[in-house]
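> Got a predicted structure here, sequence first:
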Amino acid sequence: MAGLICVALTAEVALAAATAKTIMQIIAPANQRLKIKRWGVFFDGISGTAAAVEVRLLRQTDAGTVSALTPVSQAVATETVQTTAGHTATVEPTAGDILDMAEVHPQSGYEVIIPFDMPIEIPGGGRVGIECTAPAIVNVRAKIIFEE
């Protein structure tokens with residue numbers, strides 16, 4: 001690992017009621033693992049009495065169909081980010097292991113800062129996605145900060 005800290009960010013993604021949607025997926029380069037440092041989701045709901053959104057960070061075993069998203073380096077260095085990403089799945093990727101989960105009120109957000117000695121690793125060529133299931137229509141933004 002070169003220690004390049006990178007971030008993938010989405011614009012707002014619309015969630016349909018009671019429908020699981022992968023809002024972001026990152027794909028490790030072949031033969032190069034990634035370490036997730038932090039991740040989060042941020043909703044724009046307006047109802048104080050709305051039910052929570054189920055949020056899952058999970059390994060995905062295929063790409064599904066997602067729109068391209070370009071991760072960027074947080075450093076001033078000129079290295080090219082090798083990781084690819086996607087957002088707003090129109091065909092859901094196949095879910096694998098659940099790595100983390102939360103129920104989040106749709107008027108708030110949820111962010112996890114992963115302890116230095118417990119990173120979530122993605123093996124070379126592996127995929128990790130953030131999937132949300134909202135009981136009612138709401139928009140969400142997501143971010144994953146990772147090291148490659």
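Looks like it arrived, so ask away.

> Now do the strands in this structure.
Along the chain, the stretches classed as strands by DSSP state E are 5-9, 13-15, 21-27, 34-43, 53-60, 65-69, 72-73, 84-91, 95-104, 109-113, 120-122, 127-133, 138-147.

> model confidence over the fourth one, on average?
Per-region confidence: strand 34-43 scores 97 on mean pLDDT.

> same check, this time on the fifth one
When pLDDT is averaged along strand 53-60, the result is 98.

> next one: the first one
Averaged across strand 5-9, pLDDT comes to 96.

> what angle separates that strand from strand 84-91?
Interaxial angle, strand 5-9 versus strand 84-91 (axes from the mean of the first three to the mean of the last three CA atoms, to 10 degrees): 20 degrees.

> Which elements pack onto strand 5-9?
strand 72-73, strand 138-147 (3 or more CB pairs under 8 Å, 6 or more residues apart in numbering; DSSP states H and E). To be clear about C-beta, it is placed using only N, CA and C from the backbone, and glycine gets the same treatment.

> the inter-axis angle of the last one versus strand 127-133?
With the same axes, to 10 degrees as the basis, strand 138-147 and strand 127-133 are set at 160 degrees to each other.

> Now do strand 138-147: which elements does it pack against?
With contacts defined as 3+ CB pairs under 8 Å, 6+ apart, the secondary structure elements packing on strand 138-147 are strand 5-9, strand 13-15, strand 21-27, strand 34-43, strand 127-133.

> switch the cut-off to 6 Å
Contacting strand 138-147 under the criterion 3 or more CB pairs under 6 Å, 6 or more residues apart in numbering; DSSP states H and E are the following elements: strand 5-9, strand 13-15, strand 21-27, strand 34-43.

> shaky segments in the chain?
The model of the chain has pLDDT under 70 over residues 1-2, 77.

> Go ahead and measure how far stretch 50-58 is from the middle of the chain.
Mean C-alpha position of stretch 50-58 versus that of the full chain (CA atoms, centre = their mean, to the nearest Å) differs by 13 Å.

> who wins for proximity to Thr80 among the helices and strands packed on strand 138-147?
Between Thr80 and the helices and strands packed on strand 138-147, the tightest spacing by CB to CB is seen for strand 5-9, at 10.5 Å.

> and the closest one with strand 34-43, angle?
Computed by the same axes, to 10 degrees, the angle between strand 5-9 and strand 34-43 is 30 degrees.
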